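K.L.:
prediction below, plus the sequence it came from.
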Amino acid sequence: MAAMNKRTAVPGFAIGCFLFYMLLPIVATYAFSVATRWDRSILPEGLTLDWYKAAFTDQWFIIVFKNSLVLSISTVIASILLIVPTAYWVHLRVPKARPLLDLISTLPFAIPGVVLALGLIRLYARPPLMLARTPVMLVAAYVIFTMPFMYRPVANSLEAVNIRVLTEAAQSLGASWGRTLRQIILPNILPGILSGGLLVFATIFGEFTIATFLVGARYKTFPMQLVYFTRRDGRIASAYSVISFTIAWTTSLVILWIAAWGAKRTSGGGKHPTKGHTTGVVGD
Amino acid sequence: MSYLDLDHLNKAFDGAIAVNNLSLHVEKGEFVSLLGPSGCGKTTTLRMIAGFETPDSGSIHLAGEEITSVPPNRRGMGMVFQSYALFPNMTAWGNVAFGLRVAQKSQKDIKQRVNQLLDLVGLSNAGHKYTNELSGGQQQRVALARALAIEPRVLLLDEPLSALDAVVRVSLRHEIRRIQTALGITTIYVTHDQEEALSISDRVVVMRQAMIEQVGTPEEIYTQPDTHFVATFVGTSNQFPGILKDARSGLVTSVNGDWQISIPPIMDDHMQNGDALIVIVRPEEIRVSQAEIVIEEDNVITAVLETITLLGPVTRLSLSLPGQLIIADIKTVDRGRFVCGTSVQLSFPRRACRVMPGGDITNGDDN
Amino acid sequence: MTSNQAKKRRRKRKWLDWIPLMPFLFFCLVIMILPLFFMLKGSFTGSEGQFTLEHYAKMGVSIYAISFRNSILLSGITAILGVIMGTIVGYFICQLRSKRAQELVTALCDVTSNFTGAPLAFAFIVVLGSNGVLTLALREYLNWKIYPAFSIYSFWGLALAYTYFQLPLMVLLIIPAIAGLKSEWREAARGLGASSGQYWRYVGLPVLTPAIGAGLLLLFANAFGAYATAYTLTEFRFPLITLQLGFLLTGEVFRDPGAGDAMGILTLLMMGMSIIIYQVISRRGRKWQQ
Ligand SMILES: Nc1ncnc2c1ncn2[C@@H]1O[C@H](COP(=O)(O)OP(=O)(O)OP(=O)(O)O)[C@@H](O)[C@H]1O
Ligand SMILES: [Mg+2]
């Protein structure tokens, strides 16, 4: 009996501590954002939605939200347009280029946002180019920064369904290139594209570092405003934090759901195209 | 000119020759197998016919029309892939219908034809299933139905059964042949399983190292192999290396004189007395009897029985002569008479012997 | 057609196959490779355009040396903490009976490993700031005043916040490796008379070693490049190499471009080496597990 207890007690305690550590900051932020005052007592003194109201009525809220949305969506689109056709072509026709592509798409893991920003500014922020400090350059930097997130799931789903044979099968049945792409290739790598795209979206929506250095106050983003409020008004910052984090975890769950859906759809055994976690190297 | 003509096809990958000056002529409705060891160029040949590889030189004609550089989606070849290559985003029904949709057939026609084909391959109840819900054998049936749906001018199959287990493989290969005969469709079938090739083909093409070694009916390939390679690759063969003593009477002796074999007389002069040659005898042609019995036969040789291996209906005896092992297959019901380690007599008729020039005794597989 | 012509045609087609890759390769060249290349060049170029090592010499002293030391310590310590705790937690998660519970905890790891940067920093201010929830609770109930000995704005405060995103990442990395430990191995070891401890010592841990080593390097790189969390907590007050770089970058004019380039290159070297070793180890580990 005692042995039994001990056997479940240790893991139970360890996982309990883990959950406490993981959940406390999240729960506290959510609670803080709806508390009237919470810096004098253990429990909040009362509940309120005032901080959200304050956040929403701030004239900047719409602007930074829209800016971040525009940046994220542009990055996702640019990333898909640049990476998906390239990855498909390489898997189909130039298998020799695959190691090169794998290498290039892991490089960004080793490039911190500050260093990428530094490099771009040093090279492109001088006359006559003056390109570095524009939103377009920011999106370009983001495509590089998030490349592993897009390339890996897409490459995995290309491998999982043996794209080359499927392409040949479609062609032997008379299908043109366009039809093969639309009806065979895209539907089969869609889970990879979707989860890659969502991961890119969530990453960029919360990205602070590169945006600060490249565009700064000229094109304020949601995370910049959040950082600004952490110094000026913790209440409003908490509302921003909650919104930011809610977007992040919703995206993560959708990605997990897509992975499960993709795994069910493509061949039962084998490799799952998007299986695993929704994380790359993410410390920021 | 035949229905499908391959003329002097060549194909190399990065300098390594995969297909070397290959010519083959296939009649309409014929079932032809390409048989050969791994890497001999079967798949490459098939893919050139399908249009997935462009030959470096040579031409392909179909019904008199040159198709060498027609893109694969306009050749009208139905292809069945080793890995099935079913579209995982579609049901079995959708897979079969795909080629018909591409050809812009009417909904009614598509429906009718798909159902008819699923029926033909015995899957009329599985149309709604996705590919990962089908067994390997069922997937291969869908792949076959999908290729047949477009009424291909030629049906191409690349080792379609190699991923299946033995029982399914045998039953499905007979089904493929049945459907092929029923539809009268010209078929090229790639395999490295000789039993498969011999049992379902009208003609077998034996390939080796990027070249055709022999083309013939299964029976010709088995009973009259042209080359040493064919004799040893298709079926099992015993080889007696010897020297031609007398071409007119057909007498061969072993190099060191241990035995003599009588062969059918050699009438032309492609071999002279004194030439080195190899006498080839199939194991099932050899009869084995106890040493003391007197046998009337063209060839009788004494050997020592080494091992007895039960294979099912036949039992394989391995027998040693000085410097070589001989294999003989006997009926399993007759095997009780033999004891390992005793002397026995081998006998076989003159007509069971085939003669190949000796000197280049290369082995069956080239890997 | 002569075979020579055929050969030429073939070579031309192969070359054509590379053309669709050009937009992508060109993009990577312009946005990623060239900037880094010029950074490398700049780090060896003096104010007169001459070759020099002075920028690197500067890295060995004063604020730069301190920043590097702090960055390495912070990344190293949080990586080690993350690996140890992550492996233990991962093991216990794999032991959970209920599949549902396993999935829930893994999903939580997924979510929390993405919880970084400013929101994370802010959450830790809420929890452990000088008036944070936990700070107050500890003072009230345990009469334990953690301030001023501890501060969320100090090294250990940063370490606590960093560990928050390191730990779930390690759990996600180690779970597949632990799940890959075949129960047959344990049974075989048992059958050969090994105790549970001996099983872990001779079979379990050695098999997990590649995953653990890979995790250590990945976590190190993960923390080394982090910026937003530290910036939100400390602005530029705490000397870390990424913050130092950011400090150089703020303002329209560079204070010391050569030093910036040298810092950037050294950071890339640290990260690059970690990632390369990570790749090598994890590839070997994967091969081993098959
Ligand atoms: N795409 C390719 N690139 C380079 N070499 C190739 C390619 N396809 C085939 N080869 C080479 O050409 C030769 C013939 O290959 P092929 O696939 O036709 O053989 P096969 O007879 O089908 O063998 P198997 O029975 O193993 O399928 C082999 O040496 C192979 O390595
Ligand atoms: Mg093949």
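P.N.:
Done, it's in. Ligands and ions are numbered 1, 2, ... in the order given.
K.L.:
when you work out contacts or count neighbours from here on, use the C-alpha atoms and nothing else.
P.N.:
Fine.
K.L.:
wait, isn't C:Ile72 in contact with C:Phe224?
P.N.:
Yes: if you go by CA atoms under 8 Å, C:Ile72 and C:Phe224 touch, sitting 7.0 Å apart.
K.L.:
between those two, which one's more packed in?
P.N.:
C:Phe224 (29 against 19; other CA atoms under 10 Å in any protein chain shown).
K.L.:
what about the chain, any weak spots by pLDDT?
P.N.:
Looking at chain A here, since you left the chain open. A:1-7, A:39-42, A:263-283 (pLDDT under 70).
K.L.:
wrong one, I was asking about chain C
P.N.:
Across chain C (using pLDDT under 70), the flagged ranges come out as C:1-13, C:251-254, C:285-290.
K.L.:
domain map for it?
P.N.:
C:1-43, C:59-289 (automatic domain parsing).
K.L.:
out of those, which comes closest to A:Ser33?
P.N.:
domain C:59-289 (10.2 Å; CA to CA).
K.L.:
ok now that closest one, how far from the chain's centre?
P.N.:
7 Å (CA atoms, centre = their mean, to the nearest Å).
K.L.:
then stretch B:333-345?
P.N.:
33 Å.
K.L.:
so what's the model's average confidence on that stretch?
P.N.:
Averaged over stretch B:333-345, pLDDT sits at 86.
K.L.:
so what touches that stretch?
P.N.:
B:288-291, B:300-308, B:313, B:315 (CA atoms under 8 Å, 6 or more residues apart in numbering or on different chains).
K.L.:
please identify the buried residues of stretch C:130-147?
P.N.:
C:Ser130, C:Asn131, C:Gly132, C:Val133, C:Leu134, C:Thr135, C:Leu136, C:Ala137 (16 or more other CA atoms under 10 Å in any protein chain shown).
K.L.:
looks to me like the second one is in a strand.
P.N.:
Going back to what we said before, that points to C:Asn131. No: under DSSP: H, G, I helix; E, B strand; the rest coil, C:Asn131 falls outside any strand and is assigned coil.
K.L.:
phi first, then psi, for it.
P.N.:
Main-chain torsions, C:Asn131, degrees, to the nearest 10: phi -110, psi 30.
K.L.:
circling back to that earlier point, now, which of the contacts of stretch B:333-345 sits nearest B:Gln194?
P.N.:
B:Pro313 (19.3 Å).
K.L.:
give me every residue that touches the nearest residue to that closest one once chain neighbours are set aside.
P.N.:
What sits nearest to B:Pro313 in space, not counting adjacent residues and going by CA to CA, 6 or more residues apart in numbering or on different chains, is B:Thr332, at 5.5 Å. Residues in contact with B:Thr332 (CA under 8 Å, 6+ apart) are B:Leu310, B:Gly312, B:Pro313, B:Val314, B:Thr315.
K.L.:
can you put those residues in a markdown table and add distance to A:Leu131, pLDDT and neighbour count?
P.N.:
As requested, the contacts of B:Thr332 are arranged in a markdown table below (distance: CA to CA, whole Å; pLDDT from 0 to 100; neighbours: other CA atoms under 10 Å in any protein chain shown):
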| residue | distance to A:Leu131 | pLDDT | neighbour count |
| --- | --- | --- | --- |
| B:Leu310 | 81 | 90 | 14 |
| B:Gly312 | 80 | 88 | 9 |
| B:Pro313 | 83 | 88 | 10 |
| B:Val314 | 83 | 90 | 17 |
| B:Thr315 | 83 | 91 | 18 |
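K.L.:
need the max-distance pair from those.
P.N.:
Every pair of the contacts of B:Thr332 checked by CA to CA; the farthest is B:Leu310 and B:Pro313, at 8.1 Å.
K.L.:
could you report the distance from the closest residue in space to B:Pro37 that isn't next to it in sequence to chain A?
P.N.:
Excluding its sequence neighbours, the residue lying closest to B:Pro37 (CA to CA, 6+ apart) is B:His192, at 6.0 Å. Distance of B:His192 to chain A, given as CA to the nearest CA, to the nearest Å: 20 Å.
K.L.:
list the contacts of B:His192.
P.N.:
Residues near B:His192 by CA under 8 Å, 6+ apart: B:Leu34, B:Leu35, B:Gly36, B:Pro37, B:Ser38, B:Glu159.
K.L.:
for the closest residue to chain C within the stretch 151-300 of chain B, what are phi and psi?
P.N.:
Here the stretch 151-300 of chain B gets closest to chain C at one residue, B:Ala210, 17.0 Å apart by CA to the nearest CA. Dihedral pair for B:Ala210: phi 70, psi 0, per degrees, to the nearest 10.
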